[in-house]
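Novice: Got a sequence here, can you model it:
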Amino acid sequence: MTQVTQAGLAEPLDEPGLLAQSRRLGRLRFPVPIEADFQAYMHRKMCSRVWAVAVSSIGFMLLFIWVDYAFLPASVYHLSITVRVLVLLLVCFCLWYSNRPGE
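Specialist: Here you go, the predicted structure:
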C-alpha cells in the first residue's frame with residue numbers, strides 16, 4: 001500500500017506503525033535504522049519456519065483425508081476428500097509460489 005504525500009511522491013504506508021499508534025503503542029517502535037534491521041530479522045525468522053508449517057499442514061491434511069475415508073460413509077467421504085485434495089493442492093501451490101527461485 002502506498003500513500004501520496006503533499007509533494008506528490010508515493011511512499012510506502014507503515015501499516016504496523018499505524019496499528020500501533022491506534023492502539024496507543026506507537027512509542028514501542030524502534031528508531032528508523034534499527035526498525036529496518038528488526039523487520040529484516042523477523043522476516044528471516046518467519047521464512048525459517050515455512051517448511052515446518054508446510055510439513056505439518058500437509059501432514060494434517062493427509063491425516064484428515066485418511067480419517068474421512070476410514071470413518072465416513074462413502075456418499076460423504078467422496079465429497080470431503082475431493083474438497084480436502086483441492087485445498088491440499090492450493091496449499092502446495094502457495095508454498096511453491098512463495099518459495100520459487102529468484103523471488
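
Novice: residue ranges with poor pLDDT in this protein?
Specialist: Within the chain, the ranges that satisfy pLDDT under 70 run 1-29, 103.

Novice: Could you rerun that using 80?
Specialist: Along the chain, the model assigns pLDDT under 80 to residues 1-33, 98-103.

Novice: all helices of it, in order?
Specialist: Ranges of helices within the chain are 15-22, 32-48, 50-71, 74-98, based on DSSP state H.

Novice: List the buried residues of the longest one.
Specialist: Using 16 or more other Cβ atoms under 10 Å as the burial criterion, the residues of helix 74-98 that qualify are 77, 81, 84, 88, 95. Every C-beta, even on glycine, is put in place using the N, C-alpha and C of the backbone.

Novice: what about Glu35, how many residues close to it?
Specialist: 14 (other Cβ atoms under 10 Å).

Novice: scratch that, Pro73 is what I was asking about
Specialist: Pro73: 7 neighbours (other Cβ under 10 Å).

Novice: do the same with Tyr69
Specialist: By other Cβ under 10 Å, the burial measure for Tyr69, its neighbour count, is 13.

Novice: Repeat that for Lys45.
Specialist: For Lys45, using other Cβ under 10 Å, the count is 9.

Novice: Ok, Ala70 next?
Specialist: The tally of other residues near Ala70 (other Cβ under 10 Å) stands at 8.

Novice: same question, Phe60
Specialist: Residues lying near Phe60 (other Cβ under 10 Å) number 10.
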